[in-house]
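# how would this look folded up:
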Amino acid sequence: MFLIQNTLVSLDILEKDFCCNLDSCHGCCCIEGDAGAPISDEECREVEQILPILLPDMTPEARAVVQQQGISYLDPSGERVTSIVNDKDCVFARTDHNGWCYCLIEKAFNAGKIKFKKPISCHLYPVRLTQVGDKVGVEYHRWDICHCARVLGKKNHIRLYEFLKEPLIRRFGQEWYDELCLTASEWEKQCKQ
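As a prediction, this is how the structure comes out:
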């Protein structure tokens with residue numbers, strides 16, 4: 001672990017190769033698993049405000065879940081997560097005619113309809129944030145469905161922190177990211193000695 005400002009960054013963030021390969025996985029991280037994506041109270045409020053824009057594009061099942069329990073719930077560990085359909089699909093996920101999964105929030109953002117891109121936990125994935133005492137842990141969540149992303153990252157020599165530049169800056173700021181890059185560079189030099 002490396003200390004960068006008020007975060008503890010896992011060595012995996014600097015060393016592991018990763019680059020999402022949507023041609024292979026079709027975005028299945030939004031529709032696999034047993035819980036929704038972590039979402040903060042502030043993000044919940046933002047999504048509640050844009051919900052009228054999203055509802056028309058949601059599946060009937062997703063609309064029913066949102067009507068019954070809201071856009072989020074507390075998982076067994078007590079963490080707030082996005083609501084899911086059929087114990088796996090995020091309520092904001094849709095699948096197109098080619099079987100590709102996409103996020104309705106991000107689609108609306110890209111179309112200029114809203115200013116909120118998507119929950120930061122989704123944007124950062126496969127990085128997960130945890131609370132470690134008074135620090136934020138920045139850790140790599142390894143999931144089998146992302147095997148193709150590890151292969152593509154290795155082929156193209158893209159480190160996890162490089163692939164996640166935009167969301168890392170969104171969450172922690174440019175100064176933090178610059179410090180992370182410097183740390184990665186120094187670590188790489190040290191490993192080559």
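# run the chain-centre distance for stretch 14-22.
Centre-to-centre, stretch 14-22 and its host chain are 13 Å apart (CA atoms, centre = their mean, to the nearest Å).
# mean confidence (pLDDT) on it, please.
The average pLDDT for stretch 14-22 rounds to 86.
# in this structure, which helix or strand is least confident?
Ranking every helix and strand in the chain by mean pLDDT, DSSP states H and E puts helix 22-25 at the bottom, with a mean of 72.
# was I right about Gln131 contacting Val138?
No: between Gln131 and Val138 there is no contact, the gap being 11.5 Å when judged by CB atoms under 8 Å. (Each C-beta comes from the backbone N, C-alpha and C, glycine too.)
# without its sequence neighbours, what residue ends up closest to the spatially most central residue of the chain?
Nearest residue to the geometric centre of the chain (CA atoms, centre = their mean): Cys122, 2.2 Å. Nearest-residue entry for Cys122: Ala37, 5.0 Å, with adjacent residues in sequence omitted and distances by CB to CB, 6 or more residues apart in numbering.
# tell me the contacts of the one you found?
30, 81-82, 90, 119, 121-122, 125 (CB atoms under 8 Å, 6 or more residues apart in numbering).
# among those, name the ones in strands.
Counting by DSSP state E, those place 81-82, 90 in strands.
# re the thing from before, can the contacts of Ala37 go into CSV with extra columns for distance to Gly173 and pLDDT?
CSV is the format used below for these (distance: CB to CB, whole Å; pLDDT from 0 to 100):
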residue, distance to Gly173, pLDDT
Cys30, 27, 64
Val81, 25, 93
Thr82, 25, 93
Cys90, 27, 90
Pro119, 18, 94
Ser121, 18, 92
Cys122, 19, 88
Tyr125, 19, 89
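# between those residues, which sits nearest Leu11?
Using CB to CB, Tyr125 is the member of these that lies nearest Leu11, at 18.7 Å.
# so that closest one sits against His141, correct?
Yes: under the criterion of CB under 8 Å, Tyr125 makes contact with His141 at 7.2 Å.
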